[in-house]
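Asker: Sequence and predicted structure, then a few things I'm wondering about:
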Amino acid sequence: MNKTNLGFAFNIIALFLFVPGIILPMFSMATNMTAEIGTSALSTNIINKELSLLGTVRELWQDERILVAILIFAFSIAIPVFKTLLLTWGFIKRNTDTERKIVEFVAKIGKWSMADVFVVAVFLAVLSTNHSETASNESFSIIGIQIDFLISSETLSSAGLGFYFFTAYCLTSLLGTQLSQNGLQQVNSTPAA
């Protein structure tokens, strides 16, 4: 199997990683708040959320953070789909100038679509809040009786399956495009017999 065929195979594998990568939860986050008065404690879950890439875009859109929603959609969903369609078309146009131009173009926009890696980095930044805790001592007086209490919160976050599928998609897609480009360069540099 030559490098061009291998590159196309990697891009097809990347597509199969991409779909669960955008549908499955990328991360989950839970925030718990606890209030302690003396020996009694009251605990409640404030936030309990799992978000996929598509869910994040939808939520940003609904919260009217349109620019961020559009950028994440464009760089993490639309461009990868566009790249896969182009590479498939190029693969169908085997050993032609069209295939070479398509692979070169995809390799160039691949640098721009490194923004999908940026999205993964943003999710990692969110995950860095894991186990962040806050606590504050408060007091108030009722009918001359001083009551002291402690209010604390804890945020827990973890990566979901979507994160791992999307990361695997990014790496596999870059490898596939690089292999296709190298394969075409070898074909074009080989002298005709």
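Answerer: Received the coordinates, thanks.

Asker: Poorly predicted segments of the protein, please.
Answerer: Across the chain, residues meeting the criterion (pLDDT under 70) sit at 1, 38, 110-133, 135, 187-193.

Asker: So residue 149: helix, strand or coil?
Answerer: Classification of residue 149 by DSSP: H, G, I helix; E, B strand; the rest coil places it in strand.

Asker: Show me where the chain has its strands.
Answerer: 25-37, 40-52, 132-142, 145-159 (DSSP state E).

Asker: Pipe these into a markdown table and attach distance to residue 8 and mean neighbour count per row.
Answerer: Where C-beta positions appear, they are placed from N, C-alpha and C, glycine not excepted. Shown next, in a markdown table, are these (distance: least, Cβ to Cβ, whole Å; neighbours: other Cβ atoms under 10 Å):
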| stretch | distance to residue 8 | mean neighbour count |
| --- | --- | --- |
| strand 25-37 | 27 | 17 |
| strand 40-52 | 27 | 13 |
| strand 132-142 | 44 | 10 |
| strand 145-159 | 30 | 14 |
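
Asker: Check which helices and strands the lengthiest helix in the chain sits against.
Answerer: Using DSSP state H, we find that the single longest helix of the chain is helix 161-189. Under the contact criterion of 3 or more Cβ pairs under 8 Å, 6 or more residues apart in numbering; DSSP states H and E, helix 161-189 touches helix 3-23, strand 25-37, helix 79-92, helix 97-112, helix 115-127.

Asker: Mind checking the ones you listed for the one nearest to residue 164?
Answerer: Among the helices and strands packed on helix 161-189, the nearest to residue 164 by Cβ to Cβ is helix 3-23 (8.1 Å).

Asker: now the closest one, how far from the chain's geometric center?
Answerer: 16 Å (Cα atoms, centre = their mean, to the nearest Å).

Asker: quick one: contacts of it?
Answerer: 1, 52-54, 76-77, 80-81, 83-84, 87-88, 91, 161-162, 165-169, 172-173, 175-184, 186-187 (Cβ atoms under 8 Å, 6 or more residues apart in numbering).

Asker: Look at residue 55 and say how many residues are nearby.
Answerer: 17 (other Cβ atoms under 10 Å).

Asker: For residue 138, see how far away it is.
Answerer: 36 Å (Cβ to Cβ, to the nearest Å).

Asker: again, but for residue 90
Answerer: In terms of Cβ to Cβ, residue 90 sits 65 Å off from residue 138.

Asker: next one: residue 60
Answerer: Residue 60 is 35 Å from residue 138, by Cβ to Cβ.

Asker: Just the CA atoms of stretch 141-149, as PDB, please.
Answerer: The C-alpha coordinates for stretch 141-149 follow below in PDB (Å, rounded to 0.1, in the frame of the first residue of the first chain):
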ATOM      1  CA  SER A 141     -26.300  37.600  65.000                       C
ATOM      2  CA  ILE A 142     -29.900  36.800  65.800                       C
ATOM      3  CA  ILE A 143     -31.400  38.200  69.000                       C
ATOM      4  CA  GLY A 144     -27.900  38.700  70.400                       C
ATOM      5  CA  ILE A 145     -26.800  35.100  69.600                       C
ATOM      6  CA  GLN A 146     -23.800  34.800  67.400                       C
ATOM      7  CA  ILE A 147     -23.900  32.100  64.800                       C
ATOM      8  CA  ASP A 148     -20.800  31.100  62.900                       C
ATOM      9  CA  PHE A 149     -21.000  29.100  59.700                       C
END
